[in-house]
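>>> Here is a sequence with its predicted model. Questions after.
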Amino acid sequence: MGLIYIAFMLVAGGGLAFFVMTATAIARRESEARENKVPQRDTVAASLLFHVLTSGGMSPDEALRQVRRGSGIAAPVTRGIDVASWAESFARGSNDKQRHDLLETAVQLVASHSPIPLRQYAALLDLSFGLGFHTDALAKLRARYGFDYIDHAKSARPREADRAGGGAPLFERSKQDREELLRILGISGSPSRQELSAAYRKLAAQHHPDRYHGAPTEAQTDAASRFIEITRAYEELVRRYSD
């Protein structure tokens, strides 16, 4: 009788183990299938668009709805990302059209809320650079969709505090000579386009609105003014390279 009981327990235990292994395998296959339905590139793209929208003050729930409605991407999003590095990740697994489409989608999403905060425009610049574009690509889209930016610090400073003229929008054609524009970027001589980009990105990182978000008004004012100045100078120099 004891042997029969032991045999029964072994059979029952083996059956239970088989059931557990089978259920685990099925769950794993279902999980893999769900992951395959949502490519990693879609998750990166959705997260980038989500960040661009929330950087303009949009609530996370509304930003998620806008991303799904405006891009058709239903992938989950990751919050608190670094736009530049995530955009570089997207670019590595995408072709030129996919990179351009993502930037254009981001512009379309923010254009309907024009004018946008400077911090959101900075997020667009980060996205454009991370995808491998220069600011002229973003400037062209800005002109096509007709959106403008607002400087969150502008109302707190006198007009002369904006070194480039106060109320002028980003990417306005500059009348400054080439040497003055180069001086603003801290370089001289005959730099290549790549050297211009490196100089701009170094300065932009120092004065990026995200670094001063929540800082005293005076610090935000100075950083915003400098960020606008170097961005205008860089875009004008890049435009002259293209002419």
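That came through, no problem.
>>> If I look at Leu196, what pLDDT would I see?
pLDDT, Leu196: 89.
>>> got it, and the one 4 residues further on?
Listed pLDDT for Tyr200 reads 91.
>>> show me the contacts for the nearest residue to Met58 once chain neighbours are set aside.
Excluding the flanking residues, the one nearest Met58 by CB to CB, 6 or more residues apart in numbering is Gln66, at 7.1 Å. Where you see a C-beta, it was placed from the backbone N, CA and C, and this is true even at glycine. Taking CB atoms under 8 Å, 6 or more residues apart in numbering, we find Gln66 in contact with 53, 58, 109.
>>> Count the residues that sit near the last one.
Okay, so that is Leu109. 21 (other CB atoms under 10 Å).
>>> Run a quick neighbour tally on Thr105.
Neighbours of Thr105 using other CB under 10 Å come to 18.
>>> now do Arg41
Arg41: 17 surrounding residues under other CB under 10 Å.
>>> close enough to count as contact, Asp210 and Ala122?
Yes: the criterion here is CB atoms under 8 Å, and Asp210 meets it with Ala122 at 6.7 Å.
>>> Could you name every residue contacting both of these two?
Ser55.
>>> For the two, work out which one has more neighbours and name it.
For Asp210 versus Ala122, the count of surrounding residues by other CB under 10 Å is larger for Ala122: 22 against 15.
>>> Tell me the spacing between Lys97 and Ala139.
Computed as CB to CB, to the nearest Å, the Lys97 to Ala139 distance reads 20 Å.
>>> Please say which of the two ends up with more neighbours.
Neighbour comparison, Lys97 and Ala139: the larger count goes to Ala139, with 17 against 8 (by other CB under 10 Å).
>>> Just the mean pLDDT for the helix or strand hosting that one, thanks.
Assessed by DSSP states H and E, Ala139 sits inside helix 135-145. In this model, helix 135-145 carries a mean pLDDT of 82.
>>> Now it: buried residues?
Neighbour-count burial for helix 135-145 flags 135-139, 141-142 (criterion: 16 or more other CB atoms under 10 Å).
>>> One more: stretch 209-216?
Quick answer for stretch 209-216 (16+ other CB under 10 Å): 209, 212.
>>> Now the terminal residues of that stretch, how far apart.
12 Å (CA to CA, to the nearest Å).
>>> what sits up against that stretch?
Applying CB under 8 Å, 6+ apart, the contact partners of stretch 209-216 are 55, 118-119, 122-123, 152, 205, 219-220, 223-224, 227.
>>> And that stretch, how far out from the chain middle?
Distance, stretch centre to chain centre, for stretch 209-216: 17 Å (CA atoms, centre = their mean, to the nearest Å).
>>> Also stretch 130-139?
The chain centroid and the centroid of stretch 130-139 are separated by 12 Å under CA atoms, centre = their mean.
>>> Same question for stretch 69-88.
Counting by CA atoms, centre = their mean, stretch 69-88 is centred 8 Å from the centre of its parent chain.
>>> could you measure the residue nearest to Met58 against Phe50, distance?
Distance, Gln66 to Phe50, using CB to CB: 9 Å.
>>> Can you pull the poorly scored residue ranges out of this structure?
Scanning the chain for pLDDT under 70 picks out 1-39, 135, 151-175, 242-243.
>>> Checking my notes, Val77 in a strand, right?
No: according to DSSP: H, G, I helix; E, B strand; the rest coil, Val77 belongs to no strand; its state is coil.
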